[in-house]
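*Asks:* Can you look at this prediction? I've put the sequence above it.
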Amino acid sequence: MGRTSVCLMLGLLATMAPAKADPIKTSGGLVSGVAVSDSAVRAYKGIPFAKPPVGDLRWRAPQRAEPWTGTLVADKFGPSCMQPDPTPGHSIFTRIFYTPIKPTSEDCLYLNIWTAALAGEKRPVMVWIPGGGFRGGSSSVEIYDGAELARKGVVLVSVNYRLWKFGFLAAPELSAESEHHASGNYGLLDQIAALQWVKENIAAFGGDPDNVTIFGQSAGSVAANYLMISPLAKGLFHRVIGESGGAFAPAVSNSPQLRSLWISWLQNLPDAEAVGSKLMTALKVSNLADLRQKSAEEILAVPSATRFESAIPILDRYVLPATADEIFAAGRQNDVPLLLGSTADEGSNFPVIRTLPAFREDARKTFGPFADAFLGVYEANDDAQAAAVSAAATRDRLLAWPTLQWARAQAHTSHSKVFYYYFAHHPPAPPEERFVENLGMDLGAYHGAELPYVFGNFVPPEWPWSGTDRELAQTISQYWVNFATNGDPNAPGLPQWPAFDPNASSVLYIDKTITPGPIPNQKSIALWDTFAAKWKAQE
């Protein structure tokens, strides 16, 4: 029997039993869901896992949700968290990951569940953390619908968490009012609160609270990395899947030139507090009570100096006691099996530099004395090559190197298995959407390209998805479900996926054919290894 037949049979078996009967009793009250068409799956959308973080609860740790009376009919998503409008100009990325997020509200701490479990079952649980650069995104996006994964035998949960200036704002006054003398990581605290809700309630939906996999893409993957280092998340999950994102870019530096090498997903608490002070000044308030009285729209309207200002986690010594590099080097991470990887063309749907002179000028400005080394690896002799290597540099600098470093750090200090993939398959974007801003550069296996195959949701639906795409989706989603079930993606009928060894050909290349191979893009990865070593040497 071929791998496709095995996958289809496993999925069919998962859908033969009826879903657990409603209403379901949770810690907040009774909940009823809705049947998903043509399957035994039921969906429960918009379940509150915390009080609305509004008024005096804005910029505080999430509080336990208030119980309700009667039965909550969980038939629609809760609002998406407050966020700025997406940056225009990248139509595929915006359409797939941002367009469906309306409406938005500060009252947004809701989760969603898809299950086909019988009463008394203990199916593996997968908790999805959506991406969006910590400044946007939502669990309600169409591509994240959990029905197909639930058909394969897991209980799928997706969560919202506070974003940007509502999820990651620090200020001296906020730190002073905290018993932990820390502020800013409210979005991560929301994720932890959702996992606590899952631990307490998921058995009622047929899930196993002792077999929880957290998984996310982009910022959701970075968040999963941070949950591995946070002592507050210990025991709340048992496996991790990270897709295109890691927390391993260095966070601090006394050297402005070394600081400019990295696009970091971590800021120091003093630097973050200074941003909060600037916001208070801009809004002409002198105390937190007045700041909390400002409308969400007024806060969003205050311009940021950079895209990442108030939008990334904070080294607060409470939620995050140290950097990922320090925690993993000491072997103090929440040590669980790990599956992760990245795509071949991560940088293609980010801004690219159009011309060779502009690319070289940007390299000199950004990398200073390291520019020659950078340009020696990312070589270009014309505008088309400059655009291509600009995208490749973004891929490696922002996503591929930190993700790979996460795998290497875990493999070095952990007794748990690590599995690493490289997704190289090109989704079938039509020609009018496939090329970046008419530069003639194919988006290829762009950032997020694996998600239709992981979730089994072919979005946008009007693209010419083929039988090959559907077969690949069956394989990939089954790998993910197998890993969530027992910490290993392998099963009879699937191509063998070796455990990751940085010194062997143990990366799984996922394309029309699936086969192990060496770490990809080794020349450029070696450059970022060198830059990281320089960083450590000056600390």
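*Replies:* Nice, thanks for sending it over. Fair warning: this is a prediction, and the values are worked out from it, not measured in the lab.
*Asks:* distance of the spatially most central residue of the chain from Gly187?
*Replies:* Note on the chain: the residue nearest the mean C-alpha position is Gly220, at 1.6 Å, using C-alpha atoms, centre = their mean. The gap separating Gly220 from Gly187 is 11 Å, by C-beta to C-beta, to the nearest Å. All C-beta spots, glycine's among them, are computed from the backbone N, C-alpha and C.
*Asks:* Next up, the contacts around the residue nearest to the centre of the chain.
*Replies:* Residues in contact with Gly220, defined by C-beta atoms under 8 Å, 6 or more residues apart in numbering, are 128-132, 137, 243, 245.
*Asks:* One more: Met280?
*Replies:* Counting by C-beta under 8 Å, 6+ apart, the residues that Met280 touches are 171, 173, 286, 291.
*Asks:* One more pass at 7 Å, please.
*Replies:* Met280 makes contact with 171, 291 under the criterion C-beta atoms under 7 Å, 6 or more residues apart in numbering.
*Asks:* I figured Pro489 hits Trp497, correct?
*Replies:* Yes: using C-beta atoms under 7 Å, Pro489 makes contact with Trp497 at a distance of 5.1 Å.
*Asks:* Can you work out which residues contact both of these two?
*Replies:* Joint contacts of Pro489 and Trp497 (C-beta under 7 Å, 6+ apart) are 419, 479.
*Asks:* Let's verify the residue nearest to the centre of the chain: helix, strand, or coil?
*Replies:* helix (DSSP: H, G, I helix; E, B strand; the rest coil).
*Asks:* Chain neighbours aside, what residue packs nearest to it?
*Replies:* Excluding the flanking residues, the one nearest Gly220 by C-beta to C-beta, 6 or more residues apart in numbering is Ile129, at 3.8 Å.
*Asks:* now Pro86
*Replies:* Tyr98 (4.1 Å).
*Asks:* ok, now Leu156?
*Replies:* Spatial nearest neighbour of Leu156, excluding adjacent residues (C-beta to C-beta, 6+ apart): Gly146 at 3.2 Å.
*Asks:* gap between the one you found and Tyr44?
*Replies:* 10 Å.
*Asks:* Ok, Ala21 next?
*Replies:* For Ala21, the distance to Tyr44 - C-beta to C-beta - is 13 Å.
*Asks:* What of Gly235?
*Replies:* Separation of Gly235 from Tyr44 (C-beta to C-beta) stands at 24 Å.
*Asks:* Of the two, which one has the most company?
*Replies:* Tyr44 (23 against 11; other C-beta atoms under 10 Å).
*Asks:* I'd assumed that one was in a strand, is it?
*Replies:* Yes: assigned with three-state DSSP, Tyr44 falls within a strand.
*Asks:* which ones are touching it?
*Replies:* Counting by C-beta under 7 Å, 6+ apart, Tyr44 has contacts 31, 33, 74, 112-113.
*Asks:* swap the cut-off to 10 Å and go again
*Replies:* Neighbouring residues of Tyr44 by C-beta atoms under 10 Å, 6 or more residues apart in numbering: 22, 24, 26, 31-34, 72-75, 111-115, 157, 205.
*Asks:* do the same with Gly245
*Replies:* 131, 133, 216-225, 265, 340, 342, 346, 398-400, 402-403, 406, 447.
*Asks:* burial measure for Trp465, as a count.
*Replies:* Counted by other C-beta under 10 Å, the residues lying close to Trp465 total 16.
*Asks:* Let me fix that, I meant to ask about Thr366.
*Replies:* When neighbours are defined as other C-beta under 10 Å, Thr366 has 15 of them.
*Asks:* And Pro303, by the same measure?
*Replies:* 7.
*Asks:* Tell me the pLDDT of the residue nearest to the centre of the chain.
*Replies:* For Gly220, the pLDDT comes out at 98.
*Asks:* how near is it to Gln191?
*Replies:* Following C-beta to C-beta, the distance that separates Gly220 from Gln191 is 9 Å.
*Asks:* Need the overlap of contacts for these two.
*Replies:* 129, 159, 161, 214.
*Asks:* and of those, the nearest to Gly517?
*Replies:* Of all the shared contacts of Gly220 and Gln191, Ile214 has the smallest distance to Gly517: 27.2 Å, by C-beta to C-beta.
*Asks:* quick one, phi/psi of the closest one?
*Replies:* Ile214 adopts backbone torsions of phi -90, psi 140, taken as degrees, to the nearest 10.
*Asks:* how near is it to Ser414?
*Replies:* Applying C-beta to C-beta to Ile214 and Ser414 gives a distance of 16 Å.
*Asks:* What about Val336, how many residues nearby?
*Replies:* Other residues within reach of Val336, judged by other C-beta under 10 Å, total 18.
*Asks:* thinking it is in contact with Gly487, fair?
*Replies:* Yes: with contact defined as C-beta atoms under 10 Å, Val336 reaches Gly487; the gap is 7.8 Å.
*Asks:* Residues in contact with both of these two, list them for me.
*Replies:* Residues touching both Val336 and Gly487 (C-beta under 10 Å, 6+ apart) are 213, 238-239, 416-417.
*Asks:* from those, which single one is nearest Ser466?
*Replies:* Looking across the shared contacts of Val336 and Gly487 and measuring by C-beta to C-beta, the closest to Ser466 is Thr213, at 29.2 Å.
*Asks:* Assess the claim that that closest one and Phe237 are in contact.
*Replies:* Yes: look at Thr213 against Phe237 with C-beta under 10 Å: they come within range, at 6.7 Å.
*Asks:* what sits in contact with each of those two?
*Replies:* With C-beta under 10 Å, 6+ apart, Thr213 and Phe237 have common neighbours 125, 127, 224, 336.
*Asks:* Can you list which of those are found in helices?
*Replies:* Judged by DSSP state H, those include Ala224 as members of helices.
*Asks:* that older thread, give me the common contacts of Ala21 and Tyr44.
*Replies:* With C-beta under 10 Å, 6+ apart, Ala21 and Tyr44 have common neighbours Ser32.
*Asks:* Low-confidence bits of the stretch 401-539 of the chain, can you list those?
*Replies:* Scanning the stretch 401-539 of the chain for pLDDT under 70 picks out the ranges 436-440, 538-539.
*Asks:* cool, and the chain?
*Replies:* 1-20, 87-91, 250-261, 436-440, 538-539.
*Asks:* ok, and the closest non-adjacent residue to Ala484?
*Replies:* Nearest non-adjacent residue to Ala484, counting by C-beta to C-beta, 6+ apart: Thr213, 4.0 Å away.
*Asks:* From Leu340, how far off is the one you found?
*Replies:* Distance from Thr213 to Leu340, counting by C-beta to C-beta: 12 Å.
*Asks:* what's the answer for Pro53, then?
*Replies:* 30 Å.
*Asks:* swap in Val377?
*Replies:* 24 Å.
*Asks:* More neighbours: the two, which one.
*Replies:* The neighbour count for Val377 versus Leu340, taken as other C-beta under 10 Å, is higher for Leu340 (25 against 18).
*Asks:* That'll do, ta.
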